[in-house]
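Undergrad: quick one, fold the following:
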Amino acid sequence: MKEEITVTPYGSEAGKKAEVEQMFDRIAPRYDLLNRVLSLGIDVWWRKRAIGYLKSAQPKEILDVATGTADVAILMAKILKPQRIVGIDIANQMLELGRVKIKGAGLETVISLETGDSEQLRFDNDSFDAVTVAFGVRNFETLEKGLAEMNRVLRPGGRVVILEFSKPHIFPIKQLYNAYFKYVLPLIGRLTSRDMRAYTYLFESVQVFPEGKQFTEILTKTGFQNPICERLTLGICSIYTATKQ
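TA: So this is what the prediction gives:
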């Protein structure tokens, strides 16, 4: 297994966790708009596809880690009809925007959002039927620690579903993808969110993230069973799912 390489948004001495929190608080007001524009709207389909892995289980209690502005939490509430969803994130500005969206959708009785660290979850062992993360594990300071915590709070037989960017390997998609993410996306990010570095970090973090088989091996190492990977949109994004024994 390759040694994990760490990249941070700003390269300061504050550490990855603090920098990620700072970055998302800074770009929060434009985050949802940028997601739609930069992915041409396909990120909504990615999220729905990931949620589909939970349909047969019909989980009643769900933890959404790195919930951001609660996109996945809201979709799960509408599609899966669970009793309770708890969304956690380290970026409070993202959570504030998520609460506005939840209220607008009339889902306050189902979804609650709170500040929380994926590597130090406050919940008891075996607390949730499912745990989800959309575009968040790449930002964990210590990947294995965060995954192990998610396993701990998942009930036996429960399922984890992780949606994350990956890298296409087919010519010329690979070359077009790299050019877009390395040059075009940071420029758009600077013009719209005034934080070019945040979107440069996106490209860099995807490049070093352990995708595919390497990531499913890490899921097994952190206690999950029968991990699988589904690559979406020519490999630009991947869904990882596994269960707890």
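Undergrad: check which residues of the strand of greatest length in the chain are buried.
TA: Using DSSP state E to define each element, the chain has its longest strand at strand 154-165. With burial defined by 16 or more other Cβ atoms under 10 Å, the residues of strand 154-165 counted as buried are 154, 155, 158, 159, 160, 161, 162, 163, 164, 165. Glycine gets a C-beta too; all of them are placed from N, C-alpha and C.
Undergrad: where do the helices sit along this structure?
TA: If DSSP state H is used as the criterion, the helices of the chain fall at 16-38, 42-51, 71-80, 92-104, 143-153, 173-179, 185-193, 196-208, 213-221.
Undergrad: now the last one, how far from the centre of its chain.
TA: In this view, helix 213-221 has its centroid 17 Å away from the chain centroid, taken as Cα atoms, centre = their mean, to the nearest Å.
Undergrad: output the below-cut-off pLDDT ranges for this structure.
TA: Counting by pLDDT under 70, the chain contains low-confidence ranges at 1-5, 9, 37-38, 189, 192-196.
Undergrad: now with 80?
TA: Applying pLDDT under 80 to the chain flags the ranges 1-6, 9-14, 29-31, 33-40, 185-200, 202.
Undergrad: rewinding a little: got TSV for the helices of the chain, with mean neighbour count and distance to residue 134 too?
TA: Listed next are these as TSV, based on neighbours: other Cβ atoms under 10 Å; distance: least, Cβ to Cβ, whole Å:
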stretch	mean neighbour count	distance to residue 134
helix 16-38	18	10
helix 42-51	18	6
helix 71-80	21	5
helix 92-104	17	12
helix 143-153	20	13
helix 173-179	14	19
helix 185-193	16	18
helix 196-208	19	14
helix 213-221	16	15
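Undergrad: redo the ones you listed as JSON lines? Include distance to residue 244.
TA: Putting the helices of the chain into JSON lines (distance: least, Cβ to Cβ, whole Å) gives the following:
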{"stretch": "helix 16-38", "distance to residue 244": "25"}
{"stretch": "helix 42-51", "distance to residue 244": "18"}
{"stretch": "helix 71-80", "distance to residue 244": "18"}
{"stretch": "helix 92-104", "distance to residue 244": "26"}
{"stretch": "helix 143-153", "distance to residue 244": "6"}
{"stretch": "helix 173-179", "distance to residue 244": "33"}
{"stretch": "helix 185-193", "distance to residue 244": "36"}
{"stretch": "helix 196-208", "distance to residue 244": "27"}
{"stretch": "helix 213-221", "distance to residue 244": "11"}
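Undergrad: tell me the one among the buried residues of strand 154-165 nearest to residue 241.
TA: When the buried residues of strand 154-165 are ranked by distance to residue 241 (Cβ to Cβ), residue 161 comes first, at 4.9 Å.
Undergrad: pretty sure the closest one sits against residue 57.
TA: No. Residue 161 lies out of contact with residue 57 (Cβ atoms under 8 Å); the separation is 10.1 Å.
Undergrad: can you pull the residues that touch both of those two?
TA: Counting by Cβ atoms under 8 Å, 6 or more residues apart in numbering, the shared contacts of residue 161 and residue 57 are residue 130.
Undergrad: for the longest strand of the chain, which strands pair with it and how are they oriented?
TA: Strand 154-165 has the following strand partners under DSSP bridges: strand 128-134 (parallel), strand 237-243 (antiparallel).
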